[in-house]
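Student: Okay, predicted coordinates and the sequence, questions at the end:
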Amino acid sequence: MMLEVIVQNVKEAIQAENLGADRIELVSVIQEGGLTPGYSTMKQVLSSVSIPVQVMVRPHSNHFYYTTEDMKIIKEDIKRIIEFGGERIVFGALDVNNAINEQILVDILNIYPQLDITFHRAFDDVLSQTEAYQTLTKYKRNVKRILTSGGEEDCWKGQKKLRDLVLTAKRNSGPKIMPGSGLSLQNIEEIHDIVQADQYHFGKAVRIDHSFTNGFDAQIMNKIKSVI
């Protein structure tokens, strides 16, 4: 199973790799749920680690509806990621009805068909996760995984819905389900017993004193790796 962790800079990225993370999500402004990192940070991280780097592409935290001006920024950010040697992004867009915005996905993939996408927790804001999953399955060549807490506040509360989503993914051979939000050393074993995902996303629970201002806690990372 895969362990993905959030990083904010090159120092954290290198530490995460050295402690056994299988993949990293690179973000800025984590206190707002994660926004697009700066170009210099993208470039440094992408050239400094050998594990996969999923770069957050999210221009603001206001909502997941993107204007024409937002899309100009988003496309420029993706262009820079590719120029720096990346092709993996964390992205999600909804329409005004809280459904997957397919037009935006199609538009981006027509320009950048090589993208490997994690559809982020905008998925937890949709009206129907079943319908949203079926929509994203149409783009499974590029949308490889969905980061979600099952539409609930965290994975503990959403574990039964996450289990259903994992079963749906297996039946449809669609995007993988990657549980994230509220996972910790204390609950991961019990959640995994129910959910049975093959990858998990951790944030502050793997940090010293559970704070993003600190580095990773090697002991916690090792224990989580032994569980999953």
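Tutor: Good, I have the coordinates. Here the structure is a predicted model, which means the values were calculated and not measured.
Student: Break down the protein into its strands, ranges please.
Tutor: 2-7, 23-26, 53-56, 88-91, 116-119, 143-148, 176-179, 199-202 (DSSP state E).
Student: helices and strands of this protein: which one bottoms out on pLDDT?
Tutor: helix 218-227 (a mean of 94; mean pLDDT, DSSP states H and E).
Student: what residue ranges in the protein score low on pLDDT?
Tutor: Applying pLDDT under 70 to the chain flags no residue at all.
Student: Is A132 in contact with V126, as I believe?
Tutor: Yes - shown here, A132 and V126 form a contact pair, counting by CB atoms under 8 Å, at 4.2 Å. Every residue, glycine included, has its C-beta placed from N, CA and C.
Student: what touches both of these two?
Tutor: A99, I100 (CB atoms under 8 Å, 6 or more residues apart in numbering).
Student: Residues in contact with the least confident helix or strand of the chain: which ones?
Tutor: Residues contacting helix 218-227 (CB under 8 Å, 6+ apart): L3, V5, L19, G20, A21, L185, I188, E189, H192, F202, A205, V206.
Student: what angle sits between it and strand 2-7?
Tutor: 150 degrees (axes from the mean of the first three to the mean of the last three CA atoms, to 10 degrees).
Student: So which bits of helix 218-227 are buried?
Tutor: Of the residues in helix 218-227, I220, M221, I224 count as buried by neighbour count, 16 or more other CB atoms under 10 Å.
Student: Just put those residues in a markdown table and tack on distance to N97.
Tutor: As requested, the buried residues of helix 218-227 are exported to a markdown table (distance: CB to CB, whole Å):
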| residue | distance to N97 |
| --- | --- |
| I220 | 41 |
| M221 | 40 |
| I224 | 38 |
